[in-house]
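Enquirer: how does the following fold in three dimensions:
(2 chains)
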Amino acid sequence: MLNDYLPILIMVGAVVGFGIVNLVISELLGAKRRVVGKGQAYECGLAPKGDSRMRISIHFYLVAVLFILFDVESLLLLPWAISAKSLTAAGVGGTVFAEVTAFVVVLGLGLAYVWRKGGLTWDR
Amino acid sequence: MTFQSTQDAFDAAFSTAALPAVLPAVILSVGALLMLLIEIVPGARASRPIVVLATLVGALFANFTQLSDPAGPVLDGIYASTPETAIWGMLFAAGALLAWVYSIGYYGEKARPFLAEHDMLFLSAPAGMTLMVCSQDLLMFFVGLELLSLPLYARAAFRRERHDSVEAGLKYFLLGAFAAATYLFGASLLYLATGTISVMELKMMMGDTITTTPVFLAGAGLLVAGIFFKISVFPFHMWVPDVYEGSPTPVTTLMATGTKAAAFGFLIPISFLLPTEATGLIAAIALLTMAAGNLGALVQTNIKRMLAYSGVAHAGTILLVIAGYLASGRDDAIGEQALHAALFYLAAYLFTSTGSFGLLAMLERDGEDLTTMRGIRGLARRRPAVAAAMTLFMLSLGGIPATGGFFGKWFVFTVLVQEGMYGVAILGALMSVVALGYYLRVIVNLWMEPLDEADTGRVAPVTLPAGIATAVCALGVLVLGLMPGWFLDLLG
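Expert: Numbers count the residues shown, from 1 in each chain, chains lettered A, B, ... in the order given. Okay, here's the model as predicted:
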């Protein structure tokens, strides 16, 4: 039974090995020009020091909300897409299709509203 | 449940009987979506009031048809339409309609471009409330709760140029999110203990040893605590005064009446989850809530804040029926009686509270001062009709006979007395006497104080919509107070 886990062990070994090998190779072969910026902690492109209460454009928030909205929409559409054939075979495909359409229309209306209100315009 | 085929599963979940049952919620949701459409279709803005009125009247009528011929449990038993839910639904639609009428002309220049959004959020609240009382499933209730709460958070902060309004929105949102998490945690513990989230299946399990396990009890406790937040019961009432005072008054109106009614509409039917040993605890919480609300209200000078504390006290009074139900050993007949008592109480409270908050909304249009005890001094001389209506609402809140508030209290205390909880009933009645202290203070200020000469030029005019809404509220209070049997007949 333990043999079943062998691929995982190999995977773990490969992952750890890859990391170590990269570190060692870049240490041995890489150029070493030390500047201040390189010594700082890496923080996703932001300056790691300073006030954490900086202003972030509200647009990021709007885009994130829209992304989640349509992400969830696709999540809910997938189960229907998978079972569409069996629903049709059971003779209820049309009704379920109408329901899914209503769902998409509601979300589409929301998108139209955001669009029309200028929520998708970046430069304002 | 297991099904032989997809067709069977489909037939169980969907039937034509489900359509009239869900129609009120569907009408309200479609109305809310139409508001968005109106906002983006050029030239359609003028039809905004028509859509709101048509939606709310449509929902009222759709609920009314369910009254005589309720569909019962539909959609695989996650949604139920009964005479009680039909009346709740009618109350929600009527309450939203009245609150909306009071909002006409309330908002200043800065909020006016967003009135379609305001109305869209206004319509989704009664949709959420309807889902809450009709749900027979812990998750379905949560969907309704969020459909109600999220728009309310946004609307509490609707006057965004005002500091207190934004504070109200943020406070309500953070605490509301916390309460939602508590509710969900409770629901998941119940699922862990029993393997179901269906209210009907949970009810069938009562009496099993499973329902006395710590996991089940912790789940039931957390679930109920989450709802306690929404009905502002001690010790979850701290947010109420700030949020009610900071929100725009028409929004406060709906918040105070509809949210409370919808949460009670679900809480009382599911209070069987609580063990009978919790009787004393619930009674103590209810009495403490009444004490916190009444004592807090006594010292207020701002009437809006006073009404917020008074709302807390009323929630405590209604909570007493659950104590009575638990004391009866969770007897179904007493449970129904408790639900009807709360239904009557909240119907009376809806008209009373909507009327009094609505009058405040009308009065404060020209200046905030007028909603303080000082600001309404001698108002009877300038606006006798407004003062008379306000007096009626105050008397009803205080539970004086011939008003709806009296019979509300009467039915609640009847449940207690039937179960032999004389001590609790006497304490509750004494609390109501304390409450009269601050309601009468409003009446004294209206009628017996001299007119404040500095304020005379600033008394807001009575607008036609607000006048009609006030008349409807006053009529509701009087009809419930003089002919309570008529309302009880609706329930059969």
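
Enquirer: give me the residues contacting the lowest-mean-pLDDT helix or strand in chain A.
Expert: Within chain A, no helix or strand scores below helix A:36-39, which has a mean of 76 by mean pLDDT, DSSP states H and E. Residues from elsewhere that reach helix A:36-39 (CB atoms under 8 Å, 6 or more residues apart in numbering or on different chains): none. Yep, even glycine has a C-beta here, placed from its N, CA and C like the rest.

Enquirer: with chain B in mind, check whether the very next helix or strand once past it reaches it.
Expert: Per DSSP states H and E, the first helix or strand lying C-terminal to helix A:36-39 is helix A:58-89. Yes - using CB under 8 Å from any CB of the partner chain, helix A:58-89 comes into contact with chain B via A:S83, A:S86, A:L87, A:A89.

Enquirer: how is the chain carved up into domains?
Expert: You didn't say which chain, so I picked chain A. Residue ranges for the domains of chain A, per automatic domain parsing: A:2-39, A:58-116.

Enquirer: switch to chain B, please.
Expert: Per automatic domain parsing, the structural domains of chain B span B:7-274, B:278-492.

Enquirer: quick one: stretch B:97-113 to chain centroid distance?
Expert: Relative to its chain's centre, stretch B:97-113 lies at 20 Å (CA atoms, centre = their mean, to the nearest Å).

Enquirer: report pLDDT for residue 92.
Expert: I went with chain A, as the question did not name one. For A:V92, the pLDDT comes out at 79.

Enquirer: that answer is for a different chain, and I need it for chain B
Expert: At B:F92, pLDDT is 92.

Enquirer: list the contacts for it?
Expert: B:A59, B:P126, B:M129, B:T130, B:G258, B:A261, B:A262.

Enquirer: rerun at 10 Å
Expert: B:24, B:28, B:56, B:59-60, B:63, B:125-130, B:132-133, B:148, B:254, B:257-259, B:261-262, B:265, B:350 (CB atoms under 10 Å, 6 or more residues apart in numbering or on different chains).

Enquirer: where does the closest residue to B:T463 other than its chain neighbours land in three-state SS?
Expert: Residue nearest to B:T463 in three dimensions, not counting chain neighbours: B:G105, with 6.1 Å by CB to CB, 6 or more residues apart in numbering or on different chains. Applying DSSP: H, G, I helix; E, B strand; the rest coil to B:G105 yields a three-state assignment of coil.

Enquirer: what sits against B:G105?
Expert: When the contact criterion is CB under 10 Å, 6+ apart, the partners of B:G105 are B:R112, B:A361, B:M362, B:R365, B:A460, B:T463, B:P465, B:A466.

Enquirer: likewise B:A25?
Expert: Shown in contact with B:A25 (CB under 10 Å, 6+ apart): B:59, B:62-63, B:79, B:89, B:126-131, B:134, B:144, B:147.

Enquirer: please report how far it lies from B:Q337.
Expert: Distance, B:A25 to B:Q337, using CB to CB, to the nearest Å: 27 Å.

Enquirer: got a winner among the residues of helix A:58-89 next to chain B for most neighbours?
Expert: A:L87 (18 neighbours; other CB atoms under 10 Å in any protein chain shown).

Enquirer: what's the pLDDT at it?
Expert: For A:L87, the predicted pLDDT is 82.

Enquirer: nearest spatial neighbour of it, skipping sequence neighbours?
Expert: Nearest to A:L87 is A:G93, by CB to CB, 6+ apart, at 4.6 Å.

Enquirer: residue 90: how many residues sit nearby?
Expert: Because you didn't say which chain, this covers chain A. 17.

Enquirer: meant chain B actually
Expert: 22.

Enquirer: all strands for chain B, in order.
Expert: B:72-74, B:79-81 (DSSP state E).

Enquirer: save those as JSON lines, and put in mean pLDDT and mean neighbour count too.
Expert: What follows is those, written out as JSON lines (pLDDT from 0 to 100; neighbours: other CB atoms under 10 Å in any protein chain shown):
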{"stretch": "strand B:72-74", "mean pLDDT": "82", "mean neighbour count": "18"}
{"stretch": "strand B:79-81", "mean pLDDT": "87", "mean neighbour count": "23"}
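
Enquirer: can you add distance to chain A and give these back as JSON lines?
Expert: Output for the strands of chain B, formatted as JSON lines (distance: least, CB to the nearest CB, whole Å):
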{"stretch": "strand B:72-74", "distance to chain A": "15"}
{"stretch": "strand B:79-81", "distance to chain A": "15"}
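
Enquirer: I figured B:F61 hits B:P20, correct?
Expert: No - in this structure, B:F61 is not within contact of B:P20 by CB atoms under 10 Å, at 11.3 Å.

Enquirer: the residue nearest to A:L87: neighbour count?
Expert: For A:G93, using other CB under 10 Å, the count is 16.

Enquirer: try A:W122
Expert: Neighbours of A:W122 (other CB under 10 Å): 7.

Enquirer: check the model's average confidence along stretch A:12-25 for me.
Expert: For stretch A:12-25, the per-residue pLDDT averages 95.

Enquirer: same thing with stretch B:161-176?
Expert: pLDDT averaged over stretch B:161-176 gives 88.

Enquirer: near chain A, anything from that stretch?
Expert: No - using CB under 10 Å from any CB of the partner chain, no contact is recorded between stretch B:161-176 and chain A, whose separation bottoms out at 14.5 Å.

Enquirer: can you give me the buried ones in that stretch?
Expert: B:R162, B:S165, B:V166, B:E167, B:A168, B:G169, B:K171, B:Y172, B:F173, B:G176 (16 or more other CB atoms under 10 Å in any protein chain shown).

Enquirer: also stretch B:415-424?
Expert: B:V415, B:L416, B:E419, B:M421, B:V424.

Enquirer: okay, the nearest residue to B:F178 once chain neighbours are set aside: pLDDT?
Expert: Nearest residue to B:F178, sequence neighbours excluded (CB to CB, 6+ apart): B:F229, at 7.6 Å. We have a pLDDT of 90 for B:F229.

Enquirer: pretty sure B:F229 contacts B:L174?
Expert: No - with contacts counted by CB under 10 Å, B:F229 stays clear of B:L174, the gap being 11.6 Å.

Enquirer: quickly list what's touching both of the two.
Expert: What both B:F229 and B:L174 touch, as defined by CB under 10 Å, 6+ apart, is the set B:W239.

Enquirer: before we move on, which element is the closest residue to A:L76 other than its chain neighbours in?
Expert: Nearest-residue entry for A:L76: A:F103, 7.1 Å, with adjacent residues in sequence omitted and distances by CB to CB, 6+ apart. Taking DSSP H and E as the definition, A:F103 sits inside helix A:93-116.

Enquirer: return the distance of that helix from the chain's centre.
Expert: Counting by CA atoms, centre = their mean, helix A:93-116 is centred 23 Å from the centre of its parent chain.

Enquirer: again, but for stretch B:288-296
Expert: 18 Å.

Enquirer: residues of that stretch that come out buried?
Expert: B:T289, B:M290, B:A291, B:A292, B:G293, B:N294, B:G296.

Enquirer: now stretch B:114-126
Expert: For stretch B:114-126, a neighbour-count test (16+ other CB under 10 Å) marks B:L115, B:A116, B:E117, B:H118, B:D119, B:M120, B:L121, B:F122, B:L123, B:S124, B:A125, B:P126 as buried.

Enquirer: that's all I had, so thanks and see you.
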